[in-house]
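**Q** Below are the sequence and a predicted model; questions follow.
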Amino acid sequence: MTAVRSDLEELVYRSCLLLDEQDFEGYLALCTADFRYGIRAFSPEIRRDMVWMDLDRPGLTTLFRNLPKHNSDRAPLSRHATVYTVAIDAPNEQASVVTALQVFRTALDGGATELFAVGKVHDTIALGGERPLLRARAVRLDTRRLGIGTHIPF
Amino acid sequence: MARNAQEWAQRPKLPPTHYVDTRLYTDPGLFEEERAKIFDRTWIIACHESELPAAYDYRTFRHPGGKNLVLVRGDDGQIRVFYNICPHRGNVIVQEPAGNARSLTCIFHAWTFDCRGNCTGIARRKEGFQDRLDPRDVGLRGVRASIGYGGFVWVNLDDEAPPLPEFIGAALDILEPHLREPLEVFHYQQVVVDANFKLWHDTNSEFYHDYMHYFNRVTGMQQPGYFERRYVPFPNGHASVGSMQVQYDRYEGSAERKVGWPGLAPGGWLLVDIFPGMTFNLRTSVIRMDTVIPLAPNKVLIELRGLGLKSDSAEDRSARVRDHNAIWGPFGRNLHEDLLGVRGQGAAMRDPGTDSRWVIHGREENMTIHDEVGMRHYYATWSRYMGRSPSDPFGERP
C-alpha cells in the first residue's frame, strides 16, 4: 500500500482510543501476527535500563484475557498522544513513528484527573498489507513512579 | 448485625496481643517516636553493593529516620556511608541519586570531601577563616555500614547498636544457601502510597491476603503443600515463611520457567521479613527486596528491587526479568493488587479522627500460612522498642 503520514497518525491515535476503551480485541486487530510490545525505563538510581514489559502477541493476548480474573484499579486511563516524527521506508514496506505520550488517570470517586505517566512511543508499522499495522511498539517511560501501578499497558 | 457507635468502639474480645489500636498508623506523635526509637537504632538496607560497582561510585539514600545519606565506594573498594550534608551551610552535597566522583563537591560553596569523609578543600579558607578553622573539624558525619546477606548494604545511625549479625540472628539462615553467589540489581522502583509504613510490612507478613491474588490462589492456595507452609519467628521481630511447590502452570501464560535459582527447588518460594520494614522474597528465578521509608504517618515510600545473579547470561537475565515483571513489576499481577489493598487501608485510616479503631491479628493456625503470628511477632518487638502496648498505646485501658 502507499501510506501517507495521516494514515500512520490515525493508526497510532486509534490504538490509544481502543486501549482507553479497553477494547483489547480491537487493539490486537491493529497489530501484525508477529507484534511485539514492550515498556522500558531508565533508572538513574541504579544507572540501568529496565525492561518493565516485553510480550509477543500471544503473551499480550493472554494478559488481556486474564485481566477480569484480577483485582484492578478501575479508574480509567486516558492516553494523549502527539505524533512527532514519521519515517516511511517504502522499499522495506514499513515505517517508524515516534509519538509523545501522556497518560492521565481519572478517579472514579469525584472524577479528579491526575497525570499518571509521560514518555515516548516508538512504533514500527508494517505497510505491506491492505492497511498499516503495528509490528512493534516500544514505550519508553520517563515516569517511573506510577502510583499503585496498573494492569493495563499504555 | 451492624453495631452501634458504642459497640463499634469496644475492644475486640481477643487477647491484647491479637489486635492493635489503629492510631499506630495515624498518630503524628507515635510516628516521630518510631523514627527516633526504631529507625534511628536498627539496621536498615540502604541499597545493594551492585549499585556501586566501581571505585568512587556513590549512591544516595533517604534514611527512614529522615536523614539524607550518601554511600561511597572508596579507592580501597570499601563502601562507606556519610550524612549527605555539607558541614558548612547544611546543603546536600550529592544531588543526583547515583554517580561517580573522585571528590564530593558541594556546589553551593565548592567545599570538597574525599571517599573517607575528610574535608579536602575549603574555597578561600585562608582568606576567610585564617587559622581559625581546621579542615579536620569539618569532616563528614560517618554512619556505620555493613555488607551482607546477599550483598546488601546495611546502615545504622546508632553508633552503639549491636553489630548486624547480632541483629539478624538466624532469621536469614533459610536463605543463606541461596545467597552465596554475587547478586545484581536489575529493577528499581519507588512507590509512594497513602498508608502507614507498617501496613505495607503487615501485608508482607501475612499470606491470608492471598484471597486478593488470583495468581496466588490458582498456583498456590489451591495446590498441595500450601497450608503446610510455616512461619518461624526470630528475635528482634523477624520472621521467615517456609516453601512449597508453586504450580505456575495453573496460571495461563505462566507455565514456562526457563531459569531457576541456585539451590531452590523449581516452584520454591521463600520469604523473610526483617524488622522494621524489609522483606526478602525469593520465588521463581528472582529475589525481590522491599524496603519501607516512612514519609508521614499516612504516607510511605516503598523501594522495590529485583535481583538476579551477577553471572547471568543475557538470556538468563531476560528470563529473570520476565519472571519478575509477570507478578512483581509495575504492571505485574500481584504488586498492583497488594498496593490496592494497602491503599484501601490508608484511606480507611487517613487521620487520627477516623472511625477505624482496631486491626485484628488474631488468626491462629498452628503457625502455618494463614496464621497471623508474623504480625503479632512484629508488634511484640515494636512494643519493646517503643515502650508502648500496640493495643493500648496511650495507656487508656481500664
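**A** Received it, and whenever you're ready, just let me know what you need. For clarity, every value in this text was computed on a predicted model and none was experimentally measured. Numbers count the residues shown, from 1 in each chain, chains lettered A, B, ... in the order given.

**Q** Check what pLDDT residue 77 gets.
**A** Let's take chain A. At A:Leu77, the pLDDT value in this model is 97.

**Q** Sorry, I should have been clearer: chain B.
**A** Reported pLDDT for B:Gly77: 97.

**Q** which residues in the chain form helices?
**A** Because you didn't say which chain, this covers chain A. Along chain A, the stretches classed as helices by DSSP state H are A:5-20, A:24-28, A:57-66.

**Q** not what I meant, chain B
**A** Counting by DSSP H, chain B has helices at residues B:5-9, B:28-34, B:125-129, B:164-168, B:197-204, B:214-216, B:314-328, B:333-348, B:373-386.

**Q** Do you know the pLDDT at B:Glu256?
**A** B:Glu256 is given a pLDDT of 68.

**Q** can you check B:Leu140 too?
**A** Note on B:Leu140: pLDDT of 98.

**Q** what do you get for A:Asp56?
**A** Note for A:Asp56: predicted pLDDT of 96.

**Q** Who are the contact partners of the closest residue in space to it that isn't next to it in sequence?
**A** With sequence-adjacent residues excluded and distances taken as C-beta to C-beta, 6 or more residues apart in numbering or on different chains, A:Asp56 is closest to A:Arg36, at 5.5 Å. Backbone N, C-alpha and C define where each C-beta goes, glycine included. Residues near A:Arg36 by C-beta atoms under 8 Å, 6 or more residues apart in numbering or on different chains: A:54-57, A:135-137.

**Q** So for B:Ser311, which of the helices of chain A sits nearest?
**A** Taking C-beta to C-beta, helix A:57-66 is the member of these nearest to B:Ser311, at 27.1 Å.

**Q** Now do the closest one and helix B:333-348, the angle between them.
**A** Angle of helix A:57-66 versus helix B:333-348, following axes from the mean of the first three to the mean of the last three C-alpha atoms, to 10 degrees, is 30 degrees.

**Q** Go ahead and produce PDB holding the CA coordinates of helix A:57-66.
**A** Extracted C-alpha coordinates of helix A:57-66, given in PDB (Å, rounded to 0.1, in the frame of the first residue of the first chain):
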ATOM      1  CA  ARG A  57       1.200 -11.100  20.600                       C
ATOM      2  CA  PRO A  58       0.200 -14.400  22.300                       C
ATOM      3  CA  GLY A  59       1.600 -13.100  25.600                       C
ATOM      4  CA  LEU A  60      -0.300  -9.800  25.300                       C
ATOM      5  CA  THR A  61      -3.500 -11.700  24.300                       C
ATOM      6  CA  THR A  62      -3.200 -13.800  27.400                       C
ATOM      7  CA  LEU A  63      -2.600 -10.800  29.600                       C
ATOM      8  CA  PHE A  64      -5.800  -9.200  28.300                       C
ATOM      9  CA  ARG A  65      -7.700 -12.400  28.700                       C
ATOM     10  CA  ASN A  66      -6.600 -12.800  32.400                       C
END
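
**Q** So which elements touch that helix?
**A** Packing partners of helix A:57-66 (3 or more C-beta pairs under 8 Å, 6 or more residues apart in numbering or on different chains; DSSP states H and E): helix A:24-28, strand A:31-43.

**Q** Highest mean neighbour count out of the helices of chain B?
**A** Of all the helices of chain B, helix B:197-204 carries the top mean neighbour count, a mean of 25, counting by mean count of other C-beta atoms under 10 Å in any protein chain shown.

**Q** How confident is the prediction for B:Ser356, by pLDDT?
**A** 82.

**Q** Then B:Asn366?
**A** Looking at B:Asn366, its pLDDT reads 96.

**Q** before we move on, back to that, and the helices of chain B as TSV, adding distance to B:His187 and mean pLDDT?
**A** Shown next, in TSV, are the helices of chain B (distance: least, C-beta to C-beta, whole Å; pLDDT from 0 to 100):
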stretch	distance to B:His187	mean pLDDT
helix B:5-9	43	88
helix B:28-34	28	97
helix B:125-129	44	96
helix B:164-168	24	98
helix B:197-204	17	97
helix B:214-216	18	94
helix B:314-328	6	95
helix B:333-348	11	96
helix B:373-386	25	98
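
**Q** Name the nearest residue to residue 104, ignoring sequence neighbours.
**A** Went with chain A since none was named. Distances taken as C-beta to C-beta, 6+ apart place A:Ser78 nearest to A:Phe104, at 4.6 Å, with adjacent residues excluded.

**Q** nope, chain B please
**A** Leaving aside its chain neighbours, B:Leu104 sits nearest to B:Phe113 (4.5 Å; criterion: C-beta to C-beta, 6+ apart).

**Q** so where's chain A uncertain?
**A** Applying pLDDT under 70 to chain A flags the ranges A:1.

**Q** ugh, wrong one, I meant the stretch 51-200 of chain B
**A** Along the stretch 51-200 of chain B, no part satisfies pLDDT under 70.

**Q** Quick check: residues of it near chain A?
**A** Contact residues, the stretch 51-200 of chain B versus chain A (C-beta under 8 Å from any C-beta of the partner chain): B:51, B:59, B:96-98, B:185-193.

**Q** Show me just the buried residues among those residues.
**A** Among these, those classed as buried by 16 or more other C-beta atoms under 10 Å in any protein chain shown are B:51, B:59, B:97-98, B:185-189, B:191, B:193.

**Q** Which one of these is nearest to B:Ser254?
**A** B:His187 (18.4 Å).

**Q** burial of the nearest residue to that closest one once chain neighbours are set aside, as a residue count?
**A** Spatial nearest neighbour of B:His187, excluding adjacent residues (C-beta to C-beta, 6+ apart): B:Gly306 at 3.3 Å. For B:Gly306, the count of nearby residues is 23 (other C-beta atoms under 10 Å in any protein chain shown).

**Q** show me what contacts B:Gly306?
**A** Residues in contact with B:Gly306 (C-beta under 8 Å, 6+ apart) are B:185-188, B:286-288, B:320-321, B:324, B:328-329.

**Q** pLDDT wise, what is it at?
**A** Note for B:Gly306: predicted pLDDT of 98.

**Q** Look up which residues are beta-bridged to it.
**A** Beta-bridge pairing for B:Gly306 (DSSP bridges): B:His187, B:Arg288.
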